[in-house]
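>>> Here's my sequence, what's the structure:
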Amino acid sequence: MASASAPAKQPPAADRVYVHVKQGVLDRRYEGGTLLTEGGLAEAVGVSRTPVREALLRLEAEGLIKLYPKKGALVLPVSAQEIGDVVETRLLVEEHAARKVAPASPRLIARLEELLEEQKRCAETGDLSAVAVADRCFHAEIVRSAGNQILDRLYDQLRDRQLRMGVAVMHAHPDRIAKNIAEHAEILRALRSGDADAAAEAVHQHVSWVRVLVRGDERWGGEWRSGEAWGAGR
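This is a model prediction of the structure:
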């Protein structure tokens, strides 16, 4: 008689804590300014405190939290400086990539169409984390198709910051979901037509609008002001 299948092996305890906290930060279950305790995380994940400490050290190295001995870990808010830096880097990489891939190949067009439809489906269900992932994948696909592996790796380093900001944007400005989808469609049209200048301009308009937040021209749910941390006190 065949033996029963062995149960699936769980990831190491520290990895489980790391994923739990990181995903919580990215989807805003743990918002900027939240103080996490070792005991609370150990209970939430079902592990001892030792792997919690190991996971928190990794997350601090990634800039998502700040450890305070005997107190816990503070989830760091997104600062105006970080927003500006991410926008500037994205513009440099994405405008270049848009120009380089135009006219887009049939494979790239098909993939971007798939991601645009996925973003629409996620928006209909109200899953903001999934919308942010589909949004980010749309842009990453263009960068990847440009064929510069160094720029691709650089862009990949922005992933967590993009996802976290994307969810925060949609919470503060729900109308941006439909606008993002429409702007993605405009980028897709320009790439399909082969107009490199139009594609780069569409990317520029889509990515750079968030700079008004850094200048303090808008307020996020009554909580954002120029120079303040984004996410604190929510």
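
>>> Remind me what the lengthiest helix in the chain packs against, helices and strands.
Ranked by residue count and defined by DSSP state H, the top helix of the chain is helix 80-101. Using 3 or more C-beta pairs under 8 Å, 6 or more residues apart in numbering; DSSP states H and E, the elements in contact with helix 80-101 are helix 128-145, helix 149-156, helix 159-172, helix 175-193, helix 196-208, helix 211-215. (C-beta placed from N, C-alpha, C; glycine too.)

>>> rerun at 6 Å
helix 128-145, helix 196-208, helix 211-215 (3 or more C-beta pairs under 6 Å, 6 or more residues apart in numbering; DSSP states H and E).

>>> which outside residues touch the helix or strand hosting Ala123?
According to DSSP states H and E, Ala123 maps onto helix 106-125. Residues from elsewhere that reach helix 106-125 (C-beta atoms under 6 Å, 6 or more residues apart in numbering): 130-131, 134-135, 137-138, 141, 145, 177, 181, 184, 188, 192.

>>> same thing with stretch 129-140?
Contact partners of stretch 129-140, identified using C-beta under 6 Å, 6+ apart, comprise Asp27, Leu115, Glu118, Gln119, Cys122, Ala123, Gln162, Leu163, Gly166, Val167, His184.

>>> Kindly report the same for stretch 152-162.
Stretch 152-162 is contacted from outside by Val86, Val93, Arg136, Val143, Arg144, using C-beta under 6 Å, 6+ apart.

>>> wait, which of the residues you listed is closest to Gly33?
Val86 (19.8 Å; C-beta to C-beta).

>>> What sits closest to the closest one if chain neighbours are left out?
Arg161 (5.2 Å; C-beta to C-beta, 6 or more residues apart in numbering).

>>> same deal with Glu201?
Using C-beta to C-beta, 6+ apart, the nearest residue to Glu201 is Ala190, at 7.8 Å.

>>> pLDDT score assigned to that neighbour?
The model reports Ala190 with a pLDDT of 97.

>>> Just to check, it is in contact with Asp197?
No: the pair Ala190 and Asp197 fails to qualify as a contact (C-beta atoms under 6 Å) at a distance of 8.5 Å.

>>> Run through this protein and note the low-pLDDT ranges.
Along the chain, segments meeting pLDDT under 70 span 1-8, 212-234.

>>> Mark out where each domain of it begins and ends.
By the record's domain assignment, the chain is partitioned as 13-75, 80-215 (automatic domain parsing).

>>> Done for today, thanks.
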